[in-house]
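J.: Build the 3D model from these lines:
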Amino acid sequence: MLITSPAMLLADMIARAPISTPLHEWLSQALEHSGLSQSALAERLDAAVPKKVDRSTINKMVLGKRAISAEELLHISEITGFEVPGEDPATNTISIAGKVGAGAQVPVFDAYTKGDGPQVECPPGLSPHGVVAVEVVGDSMEPVYSAGDLLFYTRETHDGVPEEVVGHRCVVEDVAGMGWVKQVKAGDEPGLFHLISLNPGANTMWNVRLKWAARVRLHWPAELAKKA
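T.: Just a heads-up that it's a prediction; the model follows:
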């Protein structure tokens, strides 16, 4: 019996959907939206698809000299955070995985099975594929993030703290299973990190060992969030 994965089903749906924007133009818009270079996109896409992809491949795609497959289209959307052409953003939703602490201690914030938790309408300009939302609890990140605000992030399947997220505001889980939103900085020893609070009156957490960290891709104030 042939087993079809959700990703394959989605890729097939995309391939059959009417697309108003030429794909090479969409790709240019996706690169501009994400700020990625053609080389950076090529490296990440090459790791996601079976066919070899390098910078020259991406350049041919941008110029319309090389077709973009449905599978490549899906992965490019996930990598760049740019909506797949032909989708209606109003029908897209993102799962709220749980709550994350900004000063408050929130254990195991990834409380829901993927897709099982409450849903929020996908903000404009953000692709829902591979994106999760969490709700802020506490005030240590004031005035940037307030209690009740939603933060959107994409977590890679593996644990760890990628070098490129250090120095940025991230959703993290420490080794004790507590979820936080903080600015992540390198700690005093390898494998340790300082979790910086933006509120001057809140405490910074020094030399914390993290299970994983994912950069915040989008912040949505509570009053703008439309829960489905």
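J.: switch to C-alpha atoms for all contacts and neighbour counts from now on
T.: Noted.
J.: so what's residue 208 up against?
T.: Applying C-alpha atoms under 8 Å, 6 or more residues apart in numbering to residue 208 gives the contacts 174, 187, 192-195.
J.: now these: which count as buried?
T.: Among the contacts of residue 208, the ones that count as buried by 16 or more other C-alpha atoms under 10 Å are 174, 193-195.
J.: Return the item of these having minimum pLDDT.
T.: Among the buried ones among the contacts of residue 208, residue 174 carries the weakest pLDDT, at 91.
J.: How much space separates that one from residue 97?
T.: To residue 97, residue 174 is 17 Å away according to C-alpha to C-alpha, to the nearest Å.
J.: Flag the shaky bits of the protein, pLDDT-wise.
T.: Applying pLDDT under 70 to the chain flags residues 1-21, 86-91, 102-117, 125, 156-158, 226, 228.
J.: Strands of that one, start to end?
T.: Along the chain, counting by DSSP state E, strands occupy 93-101, 106-107, 119-121, 132-137, 150-153, 169-174, 178-186, 192-196, 205-220.
J.: so which of the ones you listed comes closest to residue 227?
T.: Nearest to residue 227, of all those, is strand 119-121, at 4.1 Å by C-alpha to C-alpha.
J.: elements contacting that closest one?
T.: Other helices and strands packing on strand 119-121, by 3 or more C-alpha pairs under 8 Å, 6 or more residues apart in numbering; DSSP states H and E, are strand 93-101.
J.: and the strand it packs on, what does it pack onto?
T.: Here strand 93-101 touches strand 119-121, strand 132-137, strand 178-186, going by 3+ C-alpha pairs under 8 Å, 6+ apart.
J.: Save these as JSON lines, and put in distance to residue 216 and mean neighbour count too.
T.: Formatted as JSON lines, these follow (distance: least, C-alpha to C-alpha, whole Å; neighbours: other C-alpha atoms under 10 Å):
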{"stretch": "strand 119-121", "distance to residue 216": "16", "mean neighbour count": "18"}
{"stretch": "strand 132-137", "distance to residue 216": "10", "mean neighbour count": "25"}
{"stretch": "strand 178-186", "distance to residue 216": "9", "mean neighbour count": "24"}
